[in-house]
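In: 3D, please:
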Amino acid sequence: MADGIHLQVITPTALVIDEQVDEVVAPGEAGEFGVLPGHTPFITTLHTGELRYRKGGVENKLIIEGGVADVRDDKVNILTDGVKDN
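Out: Numbers count the residues shown, from 1 in each chain. Model prediction:
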C-alpha cells in the first residue's frame, strides 16, 4: 500500500488542487465513492456535488460541477467544468 494518493482537480481554466492526500470521496454517476491508496483503477463520470479529501486528519470540501474521475496508480485526476468552495 502506498503512502497516499496524488489528487489533481482540473477545470478548463485552472489546476485547482495538486497535492498528496490520504483519502478522496467524490460524487460518482452511480453514487458516492471513496478512494484509498491501492484502489483498483477505474474511470467514471461525476455528478455535481461535494468532493471531500482528507490529509493528515483534516477533511477539506469543495463543490465540483460534474466531470470525469480517473483513478489509477494511487492517483485521482478529476476533470470538472467548475469548482466552488463549500
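In: tell me how far residue 57 lies from residue 80.
Out: Distance of residue 57 to residue 80, given as CB to CB, to the nearest Å: 26 Å. Heads up, the C-betas are built off the backbone N, CA and C, glycines and all.
In: output the contacting helices and strands for the helix or strand of the chain with the lowest mean pLDDT.
Out: The helix or strand of the chain with the poorest confidence is strand 83-85; it has a mean of 89 (mean pLDDT, DSSP states H and E). Other elements packing on strand 83-85 under the criterion 3 or more CB pairs under 8 Å, 6 or more residues apart in numbering; DSSP states H and E are strand 58-64.
In: confidence score at residue 2?
Out: In this prediction, residue 2 carries a pLDDT score of 57.
In: likewise residue 59?
Out: 97.
In: secondary structure element for the residue nearest to it when sequence neighbours are not counted?
Out: Closest residue in space to residue 59, ignoring its immediate chain neighbours: residue 52 at 5.8 Å, by CB to CB, 6 or more residues apart in numbering. Here residue 52, judged by DSSP states H and E, is contained in strand 49-55.
In: below-threshold pLDDT in this protein: ranges please.
Out: 1-2 (pLDDT under 70).
In: and the strands in it?
Out: Remark: strands assigned in the chain by DSSP state E are 5-10, 15-21, 23-28, 31-35, 42-46, 49-55, 58-64, 67-72, 75-79, 83-85.
In: hang on, the earlier thing: which one of residue 57 and residue 80 has more residues nearby?
Out: residue 80 (22 against 6; other CB atoms under 10 Å).
In: that one: what's it in contact with?
Out: 9-11, 46, 64-68 (CB atoms under 8 Å, 6 or more residues apart in numbering).
In: of all those residues, which comes closest to residue 30?
Out: Taking CB to CB as the measure, residue 30 lies nearest residue 46 of the contacts of residue 80, at 10.5 Å.
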